[in-house]
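Enquirer: Give me the fold of what follows.
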Amino acid sequence: MTDMKSSSVVHRGRVPAAGFFFAFGITSEDVAIRRILSIWQPNSRVYRFRKGLLLVLPKPVLVSVGETIGLPLIRNRGLLTGMPLTEKEVRAIVQLLETLIISEGGTVSAEQLNDESREAAHKWIDTDGLEFVLGRSLGNEPAGPLVAKPAELPNIRETLGRIPAPPLELENLLARLKGEPESNKREKLDWLRSISFRSLTGAVRGFIRGLGGLGLEAAISPKASLDRNRVCSPREHPQSSRCG
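Expert: Predicted coordinates:
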């Protein structure tokens with residue numbers, strides 16, 4: 001502890017309080033505990049000293065000095081001060097960071113914040129008498145959300161009419177952008193690419209030649225066969241050389 005005289009006793013006006021000090025000479029311990037719990041923030045810390053309890057807040061709160069629940073403390077170069085200090089007074093206090101500086105009876109006192117003075121605030125709340133009760137539903141479970149069906153976009157081609165269908169490449173591109181499977185119309189007709197006009201005509205000619213080789217020429221031209229038999233008849237032209 002460091003003792004020195006201070007020109008001021010407390011802060012004035014509205015100040016950003018980084019913590020509060022509850023002196024046992026002014027506030028009883030039970031009242032101090034209730035006040036600390038009423039303004040508790042996550043990650044807050046409590047320290048116990050001979051003169052009272054100290055609450056350190058993780059975030060400062062703006063308070064009025066004359067209407068606060070305890071002695072407001074302001075951070076000044078790593079110190080928690082309960083009164084304004086001059087540059088000379090700050091240099092005179094040779095202390096480490098996280099040190100409490102308060103004034104009592106015109107005398108400045110310094111208390112180091114360490115693990116030994118840390119107070120287990122969770123022990124202030126008695127949970128031995130608490131019992132856990134299984135909850136019971138008061139009604140049926142709420143119905144799930146209704147998902148509206150997305151509106152279908154109108155087909156402009158059908159609406160306007162006389163507009164040709166888009167090419168297959170465009171349909172495949174749009175399907176890729178939408179993540180849909182591509183159209184397989186072209187795949188079904190890919191076998192037509194292997195057939196050319198020249199091969200088709202060659203196949204027809206070969207088929208006709210095959211019919212002639214099987215002796216079906218008369219069936220193809222029966223009139224010519226009858227004329228040949230009539231010319232070669234020996235009864236009609238006995239002297240004809242063609243019937244020899």
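
Enquirer: Spell out, range by range, the helices that occur in the protein.
Expert: Listed in chain order, the helices of the chain (DSSP state H) span 29-38, 87-92, 156-160, 168-178, 185-188, 197-213, 217-220, 222-231.

Enquirer: Pull out the buried positions in stretch 146-158.
Expert: Along stretch 146-158, no position meets the burial threshold by neighbour count (16 or more other C-beta atoms under 10 Å). For glycine as for every other residue, the C-beta is placed from the backbone atoms N, C-alpha and C.

Enquirer: measure it end to end?
Expert: 32 Å (C-alpha to C-alpha, to the nearest Å).

Enquirer: tell me the mean pLDDT over it?
Expert: The predicted model assigns stretch 146-158 a mean pLDDT of 81.

Enquirer: Run through who's touching it.
Expert: Ile163, Ala165 (C-beta atoms under 8 Å, 6 or more residues apart in numbering).

Enquirer: Try it again at 10 Å.
Expert: Ile163, Pro164, Ala165, Pro166 (C-beta atoms under 10 Å, 6 or more residues apart in numbering).

Enquirer: List just the nearest of those residues to Ala121.
Expert: Nearest to Ala121 among those: Pro166, at 72.1 Å, using C-beta to C-beta.

Enquirer: And this structure, what are its domain boundaries?
Expert: The record's domain parsing of the chain by automatic domain parsing lists 4-121, 166-214.

Enquirer: and those domains, which is most packed in?
Expert: domain 4-121 (a mean of 16; mean count of other C-beta atoms under 10 Å).

Enquirer: mind listing the strands for this structure?
Expert: Along the chain, counting by DSSP state E, strands occupy 4-5, 14-23, 45-48, 52-64, 71-76, 79-81, 99-104, 107-112.

Enquirer: Dump those to CSV, plus distance to Val90 and mean pLDDT.
Expert: Below are the strands of the chain laid out as CSV (distance: least, C-beta to C-beta, whole Å; pLDDT from 0 to 100):
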stretch, distance to Val90, mean pLDDT
strand 4-5, 11, 58
strand 14-23, 16, 91
strand 45-48, 21, 94
strand 52-64, 19, 92
strand 71-76, 7, 88
strand 79-81, 7, 84
strand 99-104, 9, 81
strand 107-112, 11, 81
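
Enquirer: picking up where we left off before, same list (the domains of the chain) but as JSON lines, adding distance to Lys149.
Expert: Shown next, in JSON lines, are these (distance: least, C-beta to C-beta, whole Å):
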{"stretch": "domain 4-121", "distance to Lys149": "45"}
{"stretch": "domain 166-214", "distance to Lys149": "17"}
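
Enquirer: Identify whichever of these lies nearest to Asp128.
Expert: domain 4-121 (15.7 Å).

Enquirer: In this protein, where is pLDDT below threshold?
Expert: 1-9, 93-96, 182-204, 206-208, 210-244 (pLDDT under 70).

Enquirer: Nearest to Glu141, out of the strands of the chain?
Expert: strand 52-64 (39.1 Å).

Enquirer: so what does the closest one touch, helix or strand wise?
Expert: strand 14-23, helix 29-38, strand 45-48, strand 71-76, strand 99-104 (3 or more C-beta pairs under 10 Å, 6 or more residues apart in numbering; DSSP states H and E).

Enquirer: Contact partners for the residue lying closest to Arg45 once chain neighbours are set aside?
Expert: Once flanking residues are discounted, Arg45 sits nearest to Val56: 4.4 Å by C-beta to C-beta, 6 or more residues apart in numbering. Counting by C-beta under 10 Å, 6+ apart, Val56 makes contact with 18-21, 41, 43-47, 73, 75, 80, 98, 100, 113.

Enquirer: Quick check: of the residues you listed, which lies closest to Arg205?
Expert: Of the contacts of Val56, the one sitting nearest to Arg205 (C-beta to C-beta) turns out to be Asn43, at 96.4 Å.
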